[in-house]
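Peer 1: task: produce atomic coordinates for the following.
(chains A, B and C)
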Amino acid sequence: MLIVALAATLAAGISVGSERLSLFDLTESQRAILFDIRLPRVLLGACVGASLAIAGAALQALLRNPLAEPYLLGVSNGAALGTMLAFVFFEGSSFARPILAFAGAGVATFAVYQMARSRTGMNVERLVLSGVIVTTFLSSIIVLLTSVLEAAKLRGFTFWLLGDLSQATYEGFYLTFAAATVGTIVLSSQARALNLMMIGERDALDFGVEVGRVRLIIFGLASLLVGTAVAASGSVGYVGLIVPHLVRLAIGSDNRMVVPLSAFAGAIFVVLADTVARTAISPRELPVGAITALVGAPVFIYLLRRN
Amino acid sequence: MLSAYEISISYGNRDVVRGVSFDLRERRIIALIGPNGAGKTTLIKALNGTVPVSNGSIDLDGRRLDSYSRREIAQRIAVVAQENETKFPVTVLEYVLAGRFASGSAFGWESESDISIANEAISKCDLVKFGGRLMNELSGGERQRVVLARALATNARILLLDEPTANLDLEHQAMMFRLVRERCQTCRAAAMVITHDLNLAAEFADEVILLKNGQMFSYGGPEDVLTERNLNEVYNVQVLLDENPASGKVRVTTIF
Amino acid sequence: MLVTLAATALVLLSAGCGDTGPHGPLESEVRRSIVIDDLGRQVLIKRPLVRVISLAPSVTESVFAAGAGDRLVGVTTYCNFPAAAGSIEKIGDTQTPSIERIIALKPDIVLVSTASQLESFMQTLEQQSIAVYVTDPKGIGGVIENVRILGKLFGTDEQANKEAAGMEKRAALVDERINAGERPKVFVQISREPLFTIGKDSFLTEIVERAGGDAVTKGVPTAFPKLSKETALAMDPEVILLSDSEDNREPNEVFRSSKAVRNGRVYRINADIISRPGPRLVDALEQIAGFLHK
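Peer 2: Residues are numbered from 1 along each chain as shown, chains lettered A, B, ... in the order given. Below is the predicted model of the structure:
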């Protein structure tokens, strides 16, 4: 059913934009608008949404915390910093961005993990706290960099940092599509183990889960997913937090269903948000991250109070 | 089935358990008793491989414990420990089905036989009316029984229980031990139980290990371990020992 | 005897009223007056204004054009024109000037543009009795008039008026040269990715129009909007002006089939002269007119 909804959303996204397009009889330039600009952007939005949503779902299960989110844990910021460094030092290369973003996300995740380890094993509270420390630390480096960089480069970044799909290319789409697909498949394969880990790390160990290995896989995948997403579109916030939550409210906590469904729901969410971002103040544009935050924050507060 | 030879377990520089040896054979129940901090929980954790031993060796079904994967261990040893509260909505059935993880495939969904095994464990623990409910809707004692059901659902032949009767009422305390003994006898299983209730230990255990400061103070049958002198030295209390008129087992009464 | 007393009294009185000696102008030579700045604020100044600080590159250029460049004792790190500005002491940049250094330089007046965050340091400067004058020239007419106003402020009227007259003449020449019939569609690209252009609140829009072009984005609100690529593509401009900076060397991808790119009518223009509301706006006007009407 969600697949149908996704198809519908994609179709809606494609048919709406700052320029009106008739469905048939497309002129040359209208075709260019559709295929060169709108289509890759909508497809990228879907993949970014899927990636961020399943990264969030997996991290929440792993850390046993419904509030775990790539952004809160510093993974997004690590990826953003990596992307910025790619931009500053490797301007020409289109490979540099996702690679450095992945590296940045990985480094941030590793830092959080190391900080949170203690003699008695991984403590969830410590992990979340370490995540906050790493996030804020990386945030300040990013702010420092944006202050020091010249005004010309600064302009582009401020917008991008808030989540911006306007630079969508087919390359970016292929990359995030690959990451999202790999991510969904691998995470779904670990879903049963995640179900156990959600209950408790000790329980998971006792009942046969190779906890260390699963943790590594999840962290690695989350870095990959968040890294490619951020490299393509900046930090789109709240997707990894809200989408899995809502999915769980609808169908329960079994990760074998939560993970794939979050992928679709995340795709829908971001495509919708981006459609608003593209058309609300047409012909000007808003950053898509602003829309997801506008929607996400109140939903988040509502969810917090329900608990 | 499960034997330990001169094992020591340390946290950093400190030896939490030292020189413990025992042999858990099929159809046997060993009670593990001792004051708080004596190292009982640590010992249990080492027995299923979640905590490493610094000295000595543990053998499971003829092979060294550390030669098994976690999945293989989970197929042979099931744990009943204090329950972790989860912030996610999990139903009782889902919780118990976790016990079938080690015998299934990682990708797959539970088979029909998995579900029927889980349901059987649920009914044995008197939880049938809670099957579809969420864990956090149950009381502490009810959740404790779910934890037992999960362990039973594994069909593992070794059960390790860490104070399984802590939150249970009288009816369910007796039920818990009876279930464990029944499992041991009908499935040729074995169990080691940490308990503070010396009378329950005397009633159900074939052997008792009395642990003090990480070392085995005494090891043997209940009548041999539960003596006035032992209990006085280890627990610092005066006790009165007599015979339980119903079962003939030793009965411990503390003199306050 | 009375005369002596009176004379002594007179001397004593006049000594009390005035500053003595070589540290500054005699009190009687300093004229206090109140002037109104471009925001309508009343600014109390003490003429002659000898030590001047500028907090924006556009202001620095205007002060030099008005003939008072030699009075500048402090400018921002981005003040790179004219060349003489390079040797003046730097006091930070427009957004974050060093208040301490400003105060240490003991200026008679501090000239700021509306790009500065006024509220944050106004109070401090006012407490030090330092006059703050805000300039906000609008369009070409505004900057020309601004040069005249600065001339009056600094007492360099002659040079300032001459400069202003020269600017007017050059602008008039442009007005004559353009062909009324031909108004090519012009897109000004400020940044390539993300795609930023000029909107109706930017003075550049007026300049493009005056130079004889049809600024395609003149209806878009705000001064520097981020434009949807679809709209940009549909605009199909005949001329593309690139503000010459590192992130803007080429037109955006969406323009690759546009008339401008196909006909090679893509021009680069110095970013400083089109981003500063100062005297070089006239240079910008001339250059753009030149591009549009070859």
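
Peer 1: show me where the stretch 1-150 of chain C has helices.
Peer 2: C:2-17, C:57-65, C:99-104, C:118-127, C:139-154 (DSSP state H, counting those that start in this stretch).

Peer 1: so for the last one, what's the average pLDDT?
Peer 2: Confidence for helix C:139-154, expressed as mean pLDDT, is 92.

Peer 1: buried set for the next helix-or-strand element following it?
Peer 2: Using DSSP states H and E, the next helix or strand after helix C:139-154 towards the C-terminus is helix C:157-177. Neighbour-count burial for helix C:157-177 flags C:160, C:161, C:163, C:164, C:167, C:171, C:174 (criterion: 16 or more other C-beta atoms under 10 Å in any protein chain shown). No exception for glycine: its C-beta is placed from N, CA and C like everyone else's.

Peer 1: the third one is in contact with residue C:66, isn't it?
Peer 2: Yes - proximity of residue C:163 to residue C:66 meets the contact threshold set by C-beta atoms under 8 Å, at 6.9 Å.

Peer 1: joint contacts of these two?
Peer 2: Taking C-beta atoms under 8 Å, 6 or more residues apart in numbering or on different chains as the contact rule, residue C:163 and residue C:66 both touch C:147, C:151.

Peer 1: can you list the residues of chain A near chain B?
Peer 2: Within chain A, the residues that sit near chain B (C-beta under 8 Å from any C-beta of the partner chain) are A:61, A:64-66, A:119, A:188-190, A:192-193, A:195-196, A:198-200, A:202-203, A:205-211, A:248, A:252-254, A:256, A:307.

Peer 1: circling back: between the helices of the stretch 1-150 of chain C, which gets nearest to residue B:190?
Peer 2: helix C:118-127 (76.1 Å; C-beta to C-beta).

Peer 1: now, the residues of chain A next to chain B that are in helices?
Peer 2: Cross-referencing the residues of chain A next to chain B against helices under DSSP state H gives A:61, A:188-189, A:192-193, A:195-196, A:198-199, A:202-203, A:205-206, A:211, A:248, A:256.

Peer 1: residue 199: neighbour count?
Peer 2: I went with chain A, as the question did not name one. Residue A:199 has 24 neighbouring residues, counting by other C-beta atoms under 10 Å in any protein chain shown.

Peer 1: ah, I was thinking of chain C
Peer 2: Other residues close to residue C:199 by other C-beta under 10 Å number 23.

Peer 1: how about the residues of the stretch 51-200 of chain C that lie near chain A?
Peer 2: C:190, C:191, C:193, C:194, C:195, C:196.

Peer 1: ok, the second one to residue C:276 distance?
Peer 2: When C-beta to C-beta, to the nearest Å is applied, the distance between residue C:191 and residue C:276 equals 17 Å.

Peer 1: re the thing from before, and the buried residues of helix C:157-177, which two are the farthest apart?
Peer 2: C:160 and C:174 (21.6 Å).

Peer 1: rewinding a little: looking at the helices of the stretch 1-150 of chain C, which is nearest to residue A:16?
Peer 2: When the helices of the stretch 1-150 of chain C are compared by C-beta to C-beta, helix C:139-154 sits nearest residue A:16, at 37.3 Å.

Peer 1: can you list the neighbours in contact with that closest one?
Peer 2: C:35, C:38, C:45, C:49, C:52, C:62-63, C:65-68, C:71, C:133, C:135-137, C:156-161, C:163-164, C:167-168, C:171, C:203, C:206-207, C:210, C:277-279, C:281-282, C:285.

Peer 1: buried residues in that helix, which are they?
Peer 2: So, applying 16+ other C-beta under 10 Å, buried residues of helix C:139-154: C:139-140, C:142-151, C:153-154.

Peer 1: SS state for residue 164?
Peer 2: By default, I'm working from chain A. coil (DSSP: H, G, I helix; E, B strand; the rest coil).

Peer 1: look at chain B instead
Peer 2: Residue B:164 ends up coil, using three-state DSSP.

Peer 1: mind listing what the residue in the stretch 201-307 of chain A that chain B sits nearest to touches?
Peer 2: Residue nearest to chain B within the stretch 201-307 of chain A: residue A:208 (3.1 Å; C-beta to the nearest C-beta). Contacts for residue A:208 (C-beta under 8 Å, 6+ apart) come out as B:70, B:71, B:73, B:74, B:75, B:101, B:102.

Peer 1: what about the second one, how many residues nearby?
Peer 2: This means residue B:71. So residue B:71, with other C-beta under 10 Å, has 16 neighbours.

Peer 1: ok, now the fifth one?
Peer 2: Burial of residue B:75 is recorded as 19 neighbouring residues (other C-beta under 10 Å).

Peer 1: what separation do you get for it and chain C?
Peer 2: 56 Å (C-beta to the nearest C-beta, to the nearest Å).

Peer 1: ok, now the fourth one?
Peer 2: Applying C-beta to the nearest C-beta, one obtains 53 Å for the distance of residue B:74 from chain C.

Peer 1: that residue in helix, strand or coil?
Peer 2: Going by three-state DSSP: residue B:74 is helix.

Peer 1: thank you kindly, that will do.
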